[in-house]
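# sequence-free structure coming up:
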């Protein structure tokens, strides 16, 4: 049983809870999630199974999309509605000013991770320090926000935003920063992850639905192939002479390459298939200076 199950994480579950339930439900030990969602957050959480766990880092590295609700006028300790309110300010609910403030957070942005996060400093998670009443200096991190669309203005003090962003973006910090920009403060009051890489909300299933499917003996209907997570990469196919080298994780030179979906260039990341059209691994295209030939070099073998 190898692949990915697109789970809809409901409120109240941690990402680790989801993994534990999936493991029990499908009776498979090798199960892992692809990026933490806070217990109060909902939405897409791809869960990798069997050999699919080798793809977790690639799925986590993909861009994400979130539908979030920003509540203006109240700043909290955790930057979301679960924290203690530490400051309250009046809100001037001017739609044009809000649009201008939100637009300042697109592109490359420096973001300081929140104290209530799982990032480790000197071996200790930030949220553990925060619970002890400690605050430590955190280095700002570069993130990339491709787009923020205001989907709804909800007077007198709430705004719904759809955010497409890079890995490592804290949406609650984004909400808090927009509130700071407006001068009234703010926090994230709702969060729904609508997409993680190629995995979308419209075909995500709840844990209850997964149990029902398993009871009917139909797990294959929701176990997505590993190729689903890698569909944005160019596929390269090796002929029979190169199969053994490919399976052993060796460099494969261009004279063993049968075909590809599209032209490739040095520096590209590609997926490699053997002569039986079986996905073997993720490779990078390089120029071997010793032989002065183009070849593909393994990044991760998936067999």
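Perfect, I can see it now. If you're wondering where the values come from, they're calculated on a predicted model, not measured in any experiment. Numbers count the residues shown, from 1 in each chain.

# Residue 63 is in contact with residue 163, isn't it?
No: the pair residue 63 / residue 163 is not scored as a contact, 10.3 Å apart, by Cβ atoms under 8 Å. C-beta: built from backbone N, CA, C; applies to glycine.

# before we move on, what SS does the residue nearest the centre of the chain have?
Against the mean C-alpha coordinate of the chain, by Cα atoms, centre = their mean, the closest residue is residue 60 at 4.0 Å. Secondary structure for residue 60, judged by DSSP: H, G, I helix; E, B strand; the rest coil, is helix.

# going forward can the numbers begin at 3, since that is how I track them
Got it, first residue is 3 now, which makes that one residue 62.

# ok, so what distance separates it from residue 4?
Distance of residue 62 to residue 4, computed by Cβ to Cβ, to the nearest Å: 18 Å.

# Then residue 47?
18 Å.

# sorry, back to before: okay, residue 65 and residue 165: which has more neighbours?
Higher neighbour count among residue 65 and residue 165: residue 165, with 23 against 15, using other Cβ atoms under 10 Å.

# Compare neighbour counts for residue 47 and residue 4 and give me the winner.
Neighbour comparison, residue 47 and residue 4: the larger count goes to residue 47, with 26 against 17 (by other Cβ under 10 Å).

# Can you give me every residue that contacts that one?
Going by Cβ atoms under 8 Å, 6 or more residues apart in numbering, residue 47 touches 9-11, 17, 20, 35-37, 39, 195, 198, 206.

# With pLDDT added, can I get the residues you listed in JSON lines?
Output for the contacts of residue 47, formatted as JSON lines (pLDDT from 0 to 100):
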{"residue": "9", "pLDDT": "97"}
{"residue": "10", "pLDDT": "97"}
{"residue": "11", "pLDDT": "97"}
{"residue": "17", "pLDDT": "92"}
{"residue": "20", "pLDDT": "96"}
{"residue": "35", "pLDDT": "91"}
{"residue": "36", "pLDDT": "89"}
{"residue": "37", "pLDDT": "82"}
{"residue": "39", "pLDDT": "88"}
{"residue": "195", "pLDDT": "98"}
{"residue": "198", "pLDDT": "95"}
{"residue": "206", "pLDDT": "97"}
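
# from those, which is closest to residue 241?
Distance ranking of the contacts of residue 47 against residue 241, using Cβ to Cβ, places residue 36 first at 33.4 Å.
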